[in-house]
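Asks: let me see the structure of the following:
(chains A, B and C)
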Amino acid sequence: MFNSRSPSRQWTVRRRAKADPVTSVTDVVETNALEKDRVTPVVRRGKVDRVYRAVATLSGSIVFVVMALIGGFLLYRGIDALRLSGWGFITESQWAPDMGGAFGIAAVLPYTVSIALVALFLAVPISVATALFITEYAPRRLRRFLTATIDLLAAVPSLIYGLWGLFYLQPRLITLSKWLADNLGFIPFFKVNEDFGTSLGVFPSSTFVAGVIVSLMVIPICTSVMREVFGQAPPGEREGAMALGGTRWGVVRDVVLPFGRGGIIGGSMLGLGRALGETIAVTLIISPSFDAKWSIVEQGSNSIAALIALKFSESTETGISALMAAGLALFVITLIVNTAASSVVNRSRSGSATEI
Amino acid sequence: MALTLRRRRATEVTTDEKIRIRSVESIDVTVMIGSAISSFALTQLLYETFLPLSGALGYIVVWYALFLAISWIAVRELRGTVRAKDHLARVVVWSGASLAIVPLVLIVLYVIGKGYHALRPQFFTQDQRYVGALSDATEGGGSHAIIGTIQQVGIASLIAVPLGITTAVYLNEVKGRLAKPLRTVVDAMSAVPSIVAGLFIYAAWILALGNQQTGLAGSLALSVLFLPTVTRTAEVVLRLVPGGLREASLALGGTEWRTTSRVVLPTSRSGLVTAVILGVARVIGETAPLILTVGGAFIMNWNPLSGKQDSLPFFVFRLIRFPQESQIARAWTGALVLMILVLVLFVIARAIGGRGPDHIGRLKKWRLQRKGLA
Amino acid sequence: MTDLQITTPVPTVGSSTAVVDDDTRGAAGLTAKNVACWFGTKKVLEGVGLVACWFGTKKVLEGVGLDMAPGQVTALIGPSGCGKSTFLRTLNRMHELVPGATLAGEILINGVDIYRGAIPVTDVRRRIGMVFQKPNPFPAMTVAENVVSGLKLSGLKVTKSEREDLIESCLTKAGLWNEVKNRLGDPGRALSGGQQQRLCIARSLAVSPQVLLMDEPCSALDPTSTRRIEQTISEISESVTIVIVTHNMQQAQRVSDRCAFFLAAENEPGRIIEEGPTKDIFTNPRDSRTEDYVNGRFG
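Replies: Here you go, the predicted structure:
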């Protein structure tokens, strides 16, 4: 029964197999020789399978090529413009590529970032609270409904948010802006240039208003990620905390939040990516300014996306290339933020089963 | 200082009387109501007179802050600091969640309110060819925009959905050598800002290749956004199919193609359909890429391949900036139609998604019974 | 023995490319020769100059040789992690589904090498079926569809009446017919765990396998279902060779004709320590390690 093949004597006998009464020296050598006979079974596929695999591979290749072309094209045109502006792209505040003037994102980029930061400042605490609410505090039967509502919030077009923000929220926000400028004006963010005074007309179309509107769009994204992560907090640890006599808040503070830390950070970064790229709401609200400033409540703001939206129609070839350079910058920043967000979530304790 | 609570009078407890566990006891409710009332009173007292504030927003903020303070003190007296912190956390979490959800209600109501006026049948059947500056909002309509949206989103779906799902099959089932770099590229492309997608099509298709602004250009820009989304969500759905099913299929002598087509895809069908519908819902509302590619129009253009077309989001975006009240009203109606479209798609997606693979619809059951398989 | 009349239906081999000879029907004998299995560099199974198995460079099985005679039930016993399941998977070429899995040696069905011979891998798997530890009925199919899914998947065509007969006979063989005869239109997952596993057995039987490999089929089930499945095993063992991996020594004693005891020492690939008729293995083992294991001193 124990047939043996003819051994190829390549190795000398090593130690015998442990206490195996039926092993013989020959057999041990044969065993070692089997390393050489290793075969990875060749899979001979039938014709249908070959066609199926070919079609799928073709589809993947098409997608790959198309997306690589898009990236390549943006890079190519963008670099054209960068060659024109040189390092000035980073230092120049004005945007006048068509008249042969200088152009740069030294004003537009800080504005973009400040809108996003205002949005995050408001969105992250609210998202954490909402995610906690859904997973911990809400009645169980409501959980599906609430999750659906958050998903619905994410599905509402940003145009609608922009319109509502412009017509309904902005008039109410500027009174708040005025209050901030009057009472907290010592903080540079809320300061208003003395020349303008603090009449209400100073405050619309500001970074603050845009940031508040964008935060509404960021909240559903952050909440979804955080909710998924909080929901995976190990029930064993939860029960352990409760068995020690902890309150609901104790469980949250000591189990859920530490576990979900990766999700909070990752979700916030994902929201940041969204906020940086938001176009329509920002375009509707702001009045473009090319002078970067600290104050967020004062009129005048900008964002790379809004810049492209507003300038493209009046741009020549050079202008389009310049806009592409700006768009490329935005794309790269968003890409970095999104990638960092995924890796933070994946690497955290909570992230292994969450998809970003 | 500890307050003792009065004991409930003992009652006969039968074995069938289930214990109802309440997460909030009556004493907590009393504390909340009491704090609410007293903080309201205090705000009323202090507001105009002592604090440098005015207006409704400030009033609510002060009321809220005082509510937190008073209820904290009350609970701390009754139950101790630990319970007080728990109570505070609970209130904060509830408030935070309402701040997230209340705006949705406000937005929906506002858009309905503004758009309802001009929402007449002619909005769906007429375009704006006879509309002048003095026309009433109910004259003319947005049919050209609606047709444009349907065509553009339709073409984009025709391009993106088959390609995306097949690519997801490649990534997850075939797992060829291209899979890893492809996945990286797809993830990277899902980070493209919507305006940049439009700018790409504008520069590459329209300027460089010399095409005009057409509905097709718009749908290409939408595909740039749609394709990575479909691929990623489809891949997630396929990954959710348990590996044991593929193994079982192969162990029965199935080929790879039959395993994919007869086991994996049917099992994930409802998930894929949901993913596609949600993707469409998202793409319908995209305005930025269309600004650059579609051109906009006031009259109907049935041909997406030539001539400028309008699109519902672009319609709204353009008209809202007109000075005439009537145009603004039409824009709001367009926004209302858009919102309803998205809502309807969303509800359909959730209804299908909730079914799961075990669901056997009536049509399928009839077909199976004919074959003797049900 | 039961009184049931069991007839083996003969599905017409329509589009399949298999050569129809006597060796492709009826219980078949499996022989493993020189099988070694690797995962990475760790050898997982090792035996006496026989089959070896690797996953990547890790050798997982070494020198496993086993004759599994036709019409018999062979049990593979041993503690966890000794390569029993790995070996089982080499027997119907499921081992190669793991990326980086390689092996050396020969697996012969009725004398024909399943790896280097001319038999397409799909045919190999049709003739050597498998039932898994966790029941996995196809959720998108009804009970009836599940039973005949193997026909669809391996490309065998049957007429409608043949199909109905096949469904009834396979479910009867698996001991499930009476319980589901009125529920054939229910989705596959609507059944209980034990019923699902029996459904999977019926599904495997529908393609008329010559060998049925079972990887701890009862470990996730309650005692009643376990008993029913063991009954099924005895009933079908004459027409289908069965190789069953089991942790449960009493189950091995109950169902099997021959046993093979696997063991892997620390950092060593798995090997067959002893092999023989079940009675001998359990009452009169030759190796001290076998004796320790069957008497429950470890494992």
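Asks: can you pull the contacts of the nearest residue to C:E238 once chain neighbours are set aside?
Replies: For C:E238, ignoring the flanking residues on the chain, the nearest one in space by CB to CB, 6 or more residues apart in numbering or on different chains is C:G71 at 5.3 Å. Where you see a C-beta, it was placed from the backbone N, CA and C, and this is true even at glycine. Going by CB atoms under 8 Å, 6 or more residues apart in numbering or on different chains, C:G71 touches C:27, C:237-239, C:241.
Asks: which one's the longest helix in chain B?
Replies: helix B:81-115 (DSSP state H).
Asks: ok, the strand or helix carrying B:V61 near chain A or not?
Replies: Using DSSP states H and E, B:V61 sits in helix B:56-79. Yes: on the criterion CB under 8 Å from any CB of the partner chain, helix B:56-79 is in touch with chain A at B:57-58.
Asks: so where's chain A shaky on pLDDT?
Replies: A:1-43, A:196-198, A:350-356 (pLDDT under 70).
Asks: residues near residue 258, how many?
Replies: Went with chain A since none was named. For A:P258, the tally of surrounding residues (other CB atoms under 10 Å in any protein chain shown) stands at 14.
Asks: let's do chain C instead
Replies: 22.
Asks: and the residue nearest to it when sequence neighbours are not counted, helix, strand or coil?
Replies: Nearest residue to C:R258, sequence neighbours excluded (CB to CB, 6+ apart): C:T74, at 4.8 Å. Of the three states, C:T74 takes strand according to DSSP: H, G, I helix; E, B strand; the rest coil.
Asks: ok, B:S268 to B:I340 distance?
Replies: Distance from B:S268 to B:I340, counting by CB to CB, to the nearest Å: 29 Å.
Asks: neighbour-wise, which of these two wins?
Replies: The residue with more neighbours, out of B:S268 and B:I340, is B:S268; 23 against 15, by other CB under 10 Å.
Asks: now the more buried one: phi and psi?
Replies: Note on B:S268: backbone dihedrals following degrees, to the nearest 10 are phi -100, psi 10.
Asks: that one: what's it in contact with?
Replies: B:S268 neighbours (CB under 8 Å, 6+ apart): B:237-238, B:240-241, B:357.
Asks: what does the model give it for pLDDT?
Replies: Note on B:S268: pLDDT of 92.
Asks: can you list the low-confidence ranges for the stretch 51-200 of chain B?
Replies: Scanning the stretch 51-200 of chain B for pLDDT under 70 picks out B:51-54, B:133.
Asks: does the helix or strand harbouring B:L265 come close to chain C?
Replies: Element membership for B:L265 (DSSP H and E) is helix B:265-267. Yes: applying CB under 8 Å from any CB, one finds helix B:265-267 in contact with chain C at B:266-267.
Asks: CA atoms only for whichever helix or strand comes after that helix, dumped as PDB, please.
Replies: Sequence order places helix B:269-284 as the next helix or strand after helix B:265-267, per DSSP H and E. This file holds the C-alpha atoms of helix B:269-284, laid out as PDB (Å, rounded to 0.1, in the frame of the first residue of the first chain):
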ATOM      1  CA  ARG B 269     -28.600  40.900  -7.500                       C
ATOM      2  CA  SER B 270     -30.600  43.000  -5.000                       C
ATOM      3  CA  GLY B 271     -27.400  44.500  -3.700                       C
ATOM      4  CA  LEU B 272     -26.200  45.400  -7.200                       C
ATOM      5  CA  VAL B 273     -29.600  46.900  -8.200                       C
ATOM      6  CA  THR B 274     -29.600  49.000  -5.000                       C
ATOM      7  CA  ALA B 275     -26.100  50.200  -5.700                       C
ATOM      8  CA  VAL B 276     -27.000  51.200  -9.200                       C
ATOM      9  CA  ILE B 277     -30.100  53.000  -8.300                       C
ATOM     10  CA  LEU B 278     -28.400  54.900  -5.500                       C
ATOM     11  CA  GLY B 279     -25.600  55.800  -7.900                       C
ATOM     12  CA  VAL B 280     -28.200  57.200 -10.400                       C
ATOM     13  CA  ALA B 281     -29.800  59.200  -7.600                       C
ATOM     14  CA  ARG B 282     -26.500  60.700  -6.800                       C
ATOM     15  CA  VAL B 283     -25.600  61.500 -10.400                       C
ATOM     16  CA  ILE B 284     -29.000  63.000 -11.200                       C
END
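Asks: contacts for helix B:269-284, please.
Replies: Against helix B:269-284 from outside (CB under 8 Å, 6+ apart): A:155, A:157, B:149, B:153, B:156-157, B:160-161, B:165, B:222, B:225-226, B:229-230, B:233-234, B:236-237, B:240, B:265, B:312-313, B:338, B:341-342, B:345-346, B:348-350, B:352-353, B:355-357, B:359, C:140.
Asks: please list only the buried members of these.
Replies: Buried subset of those (neighbour count, 16 or more other CB atoms under 10 Å in any protein chain shown): A:155, A:157, B:149, B:153, B:156-157, B:160-161, B:165, B:222, B:225-226, B:229-230, B:233-234, B:237, B:265, B:312-313, B:338, B:341-342, B:345-346, B:349-350, B:352-353, B:357, C:140.
Asks: in helices only, show me those residues.
Replies: Per DSSP H, those map to helices at A:155, B:149, B:153, B:156-157, B:160-161, B:165, B:222, B:225-226, B:229-230, B:233-234, B:237, B:265, B:312-313, B:338, B:341-342, B:345-346, B:349-350, B:352-353.
Asks: quick one: the longest helix of chain B to helix B:56-79, angle?
Replies: 150 degrees (axes from the mean of the first three to the mean of the last three CA atoms, to 10 degrees).
Asks: follow the chain on from helix B:81-115 and name the next helix or strand.
Replies: Following helix B:81-115 in sequence, per DSSP H and E, is helix B:121-125.
Asks: in that next one, what's buried?
Replies: Buried-residue list, helix B:121-125, by 16+ other CB under 10 Å: B:F123.
Asks: same check on stretch A:311-318?
Replies: Within stretch A:311-318, the residues that count as buried by 16+ other CB under 10 Å are A:311-312, A:315, A:318.
Asks: by contact count, what packs against the helix or strand harbouring A:V65?
Replies: Using DSSP H and E, A:V65 falls within helix A:47-85. Counting contacts by 3 or more CB pairs under 8 Å, 6 or more residues apart in numbering or on different chains; DSSP states H and E, helix A:47-85 packs against helix A:317-347, helix B:143-169, helix B:179-189, helix B:194-201, helix B:215-239, helix B:256-258.
Asks: how about the contacts made by the residue positioned nearest the centre of chain C?
Replies: For chain C, the residue sitting closest to the mean C-alpha position, by CA atoms, centre = their mean, is C:L213 at 0.5 Å. By CB under 8 Å, 6+ apart, the residues touching C:L213 are C:88, C:91-92, C:128-131, C:242-244.
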